[in-house]
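> Following is a predicted model, sequence given first.
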Amino acid sequence: MSPMIPVDPNQLPVEFEVIPEDSTVHGLIREFKVADKTDKGGNNYGVLTWEVVIPSEFEGRQLTDNYVGFQGVVDITMTDAQRRRAMERGIRFNQICACIKLSPDTVPCNPMTEDEIDEVNQFLNDQFVGQEGDFIVSVDTYKGRKNNKIKMYLLP
């Protein structure tokens, strides 16, 4: 049997059907790792891939959260404002933890060395991959094509 099937080229989809705006989605974390590059300030950040479980019509669809910031190092010499800004860099990460009901004893922080990135990647893989949570999606248009983004993580 041939692996090729006859098709009408005019009937082939050329875009994904997007999940409707403001839909609540239940997903499973498939991957979470430190991005290969740093942001403009030299800080590392995480890239998270979710697989949709519910709604069933979009089951298996993957959504990526491309920029999950990690908090900065906090020390006693910082002013209250500096301490607050350093900790606020990790809000998205903390929202994800709350969304999946994870209460880690430690969290990744910036700056990171190459050896520390390996340690953080192992932590992210061990603690997050396979966890489930709920979030709301938005619809974005990039270069004329619609796609979904994670708008907000739902906290318990």
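Done, it's in.
> if I pick the nearest residue to G46 once chain neighbours are set aside, what's in contact with it?
Distances taken as Cβ to Cβ, 6 or more residues apart in numbering put V68 closest to G46, at 3.9 Å, once the chain neighbours are dropped. For the C-beta atoms, the positions are set from N, CA and C on the backbone; glycine is no exception. Residues near V68 by Cβ atoms under 8 Å, 6 or more residues apart in numbering: 32, 45-48, 92-93, 96.
> Show me what the lowest-mean-pLDDT helix or strand in the chain packs onto, helices and strands only.
Least confident helix or strand of the chain, by mean pLDDT, DSSP states H and E, is strand 109-110 with a mean of 86. Counting contacts by 3 or more Cβ pairs under 8 Å, 6 or more residues apart in numbering; DSSP states H and E, strand 109-110 is packed against strand 71-72.
> And the top helix by length along the chain, what does it pack against?
Longest helix in the chain by number of residues (criterion: DSSP state H): helix 114-128. Identification of packing neighbours for helix 114-128 by 3+ Cβ pairs under 8 Å, 6+ apart yields strand 24-34.
> The following helix or strand past the strand it packs on pairs with which strands?
Where DSSP states H and E defines the elements, the next helix or strand beyond strand 24-34 is strand 45-54. Using DSSP bridges, the strands paired with strand 45-54 are strand 24-34 (antiparallel), strand 62-69 (antiparallel).
> buried sites along the shortest one?
Put plainly, it is strand 62-69. 63, 65, 68-69 (16 or more other Cβ atoms under 10 Å).
> Quick check: of these, which lies closest to N148?
Lowest distance from N148 to those (Cβ to Cβ) belongs to L63, with 5.7 Å.
> dump the residue contacts of the closest one.
L63 touches 25, 27, 49-50, 52, 137, 148-150, counting by Cβ under 8 Å, 6+ apart.
> hang on, the earlier thing: the buried residues of strand 62-69: which two are farthest apart?
Pairwise over the buried residues of strand 62-69, using Cβ to Cβ, the maximum falls at L63 and G69, 18.1 Å.
> Beta-bridge partners for the closest residue to N66 other than its chain neighbours, please?
Once flanking residues are discounted, N66 sits nearest to V47: 5.7 Å by Cβ to Cβ, 6+ apart. Applying DSSP bridges to V47 gives these bridge partners: K33.
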